[in-house]
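J.: can't give you the sequence, but here's the structure:
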């Protein structure tokens, strides 16, 4: 059967113990000098420089200098510790879009920490992985975002670097998702563009000390 092909990036669905998502979202600052657009569903890292070096005003309030960790788009490369996944943005008068952080515009992102969270991500459709992919590690690519939904283009790599036992890869595949396709058919692990449940192997908040 054919799976849906619409990309969504990473979408948090539950905790690793199968309980509902718990805890709140944290914040991340995208600097005005950061020249890369980011979208809902994109994974982000903490920037080594620390926190916002300029104040940011949004409809939610004033974010003074040094109060919000600075973030940037994660690359998907081995060994890169991920901070979280973007679930939205605080609105500011100069950028009304709530689902996209435009390049070179200071924004405050609402972020789901990846620690102990299961995410769904669709594979790139280049190869059908099958049930034997469950339990393996994988990498992801930051692809082209959707111009209609403004959702992340992040996708699980099936053949550039095929899933394997390599624990240095950023993702571990837990299972094919139980979410059905839009036409009501089951998500099919034996077909291209399968939607997978994954966890991040390396995150910056593994000790549970979440930044805000």
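T.: Sure thing, it's come through. These figures come from a predicted structure and were not determined experimentally. Numbers count the residues shown, from 1 in each chain.

J.: quick one, phi psi at residue 132?
T.: For residue 132, the backbone dihedrals (degrees, to the nearest 10) come out as phi -70, psi -10.

J.: pull out the buried residues from the longest strand seen in the chain.
T.: When secondary structure is assigned using DSSP state E, the longest strand within the chain turns out to be strand 43-51. Residues of strand 43-51 classed as buried under the neighbour-count rule (16 or more other Cβ atoms under 10 Å) are 43-47, 51. Placement of C-beta: from N, CA and C, glycine included.

J.: ditto for stretch 184-191
T.: Result for stretch 184-191 [16+ other Cβ under 10 Å]: buried residues 187-189, 191.

J.: run the chain-centre distance for it.
T.: Relative to its parent chain, stretch 184-191 has a centroid offset of 22 Å by Cα atoms, centre = their mean, to the nearest Å.

J.: what lies in contact with that stretch?
T.: 1-3, 128-131, 133-134, 176-181, 194-195 (Cβ atoms under 8 Å, 6 or more residues apart in numbering).

J.: which element follows the lowest-mean-pLDDT helix or strand in the chain toward the C-terminus?
T.: The weakest-scoring helix or strand in the chain, judged by mean pLDDT, DSSP states H and E, is strand 100-101 (a mean of 69). In the C-terminal direction, the helix or strand that comes right after strand 100-101 (DSSP states H and E) is strand 107-113.

J.: what angle sits between that following strand and strand 43-51?
T.: Per axes from the mean of the first three to the mean of the last three Cα atoms, to 10 degrees, the angle that strand 107-113 makes with strand 43-51 is 120 degrees.

J.: which residues touch strand 107-113?
T.: When contacts are defined by Cβ under 8 Å, 6+ apart, strand 107-113 is touched by residues 12, 21, 23, 25-30, 38, 44, 56, 58, 60, 63, 68, 71, 83-90, 92, 95, 101, 203, 205, 210.
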